[in-house]
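Chemist: requesting a structural model of the entry that follows:
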Amino acid sequence: MLTRIAASLRNRFGNSVPSRQPIPLPPGELRMGGRHFKDDEAFVRSATEDVRRLNEFGLQKDSRLLDWGCGAGRLAVGVRERWGRIGLYHGVDVQKRLIDWAEENLTAPGFTFSFVDIANARYNKRGAQDHSIPGATGDYDAFYAYSVFSHMLSAEARPYLAEIRRLLSDNGFAFFTAFVEDSVVDEAENPEGYGPMEWRGPLHCVRFERSFFDTMVTEAGLTIDRFEHGNETDGQSMYVVRPAGQR
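Modeler: Predicted coordinates:
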């Protein structure tokens, strides 16, 4: 199966996906992001496509990338499939069993994973009341957070946006997704009648009013470089942001 996946990716991306040993894929129960990721080919394809998009926005083979909310390492699989490695991939998550699997199976030169025992009402209820992200100031060229702001209220989102700015180099960028809409209340947890499903449990879906969320972004010292509404998983929107004042 993985040989066939690698061959199809090489046909699509050319020599950017060199032949190499099959990369371990997490078992289905550890794959976050929906039922479609249970399929190996869809899982790998989504990961390599996101690496391609990050490359479009500035990620290079020598970049230092922080994957916040990395789960069991989907994006790490994409990096390894597309390029083999980059300058540094650092995956961070509050779900220990996912990090444990990634550390055991995906740790390699240039790849590292960190469990952070920080509270989230959905994924780590007993964690510490903290809003820090591991890393030195200005240490990362790229920051990736897929479907992370979709599971937190503004009281958490504000300090985390400030952390993104702290971690990014002056020439860096961040890619993340969030549920945002015009002309709705500033924030709503599990809004009824919104999106493709019935939201269940704490913070399954947090929807922000777009200008409210955008103001939090700019107050954190970030500038919105690109926005695409509603095209990501379950109707989330895509943001690419950069440090304010970047040319």
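Chemist: any low-confidence regions in the protein?
Modeler: For the chain, applying pLDDT under 70 flags the ranges 1-20, 33-36.
Chemist: quick check: longest helix in the protein by residues?
Modeler: When the chain is parsed with DSSP state H, its longest helix is helix 40-57.
Chemist: just give me how far it sits from the chain centre.
Modeler: From the chain centre to the centre of helix 40-57 is a distance of 12 Å (C-alpha atoms, centre = their mean, to the nearest Å).
Chemist: and the next helix or strand after it with helix 40-57, angle?
Modeler: Of the helices and strands lying after helix 40-57 in sequence (DSSP states H and E), the nearest is strand 64-68. Between the axes of strand 64-68 and helix 40-57, defined by axes from the mean of the first three to the mean of the last three C-alpha atoms, to 10 degrees, the angle is 130 degrees.
Chemist: if you count neighbours, what's buried in the longest helix of the chain?
Modeler: If you call a residue buried by 16 or more other C-beta atoms under 10 Å, then helix 40-57 has these buried ones: 43-48, 50-51, 54-55. Using the backbone N, CA and C atoms, a C-beta is placed for each residue, glycine as well.
Chemist: pull the most distant pair out of the residues you listed.
Modeler: Across the buried residues of helix 40-57, the longest distance by C-beta to C-beta is 19.3 Å; it joins Phe43 and Asn55.
Chemist: bridging residues for the residue positioned nearest the centre of the chain?
Modeler: The centroid of the chain falls nearest to Ala145 when counting by C-alpha atoms, centre = their mean (2.6 Å). Taking DSSP bridges as the rule, Ala145 bridges to Phe176.
Chemist: these two touch, right, it and Ala178?
Modeler: No. Using C-beta atoms under 8 Å, Ala145 makes no contact with Ala178, being 9.1 Å away.
Chemist: not counting sequence-adjacent ones, nearest residue to His151?
Modeler: Distances taken as C-beta to C-beta, 6 or more residues apart in numbering place Leu203 nearest to His151, at 4.5 Å, with adjacent residues excluded.
Chemist: hmm, Arg122 and that neighbour touching each other?
Modeler: Yes. With contact defined as C-beta under 8 Å, Leu203 reaches Arg122; the gap is 4.2 Å.
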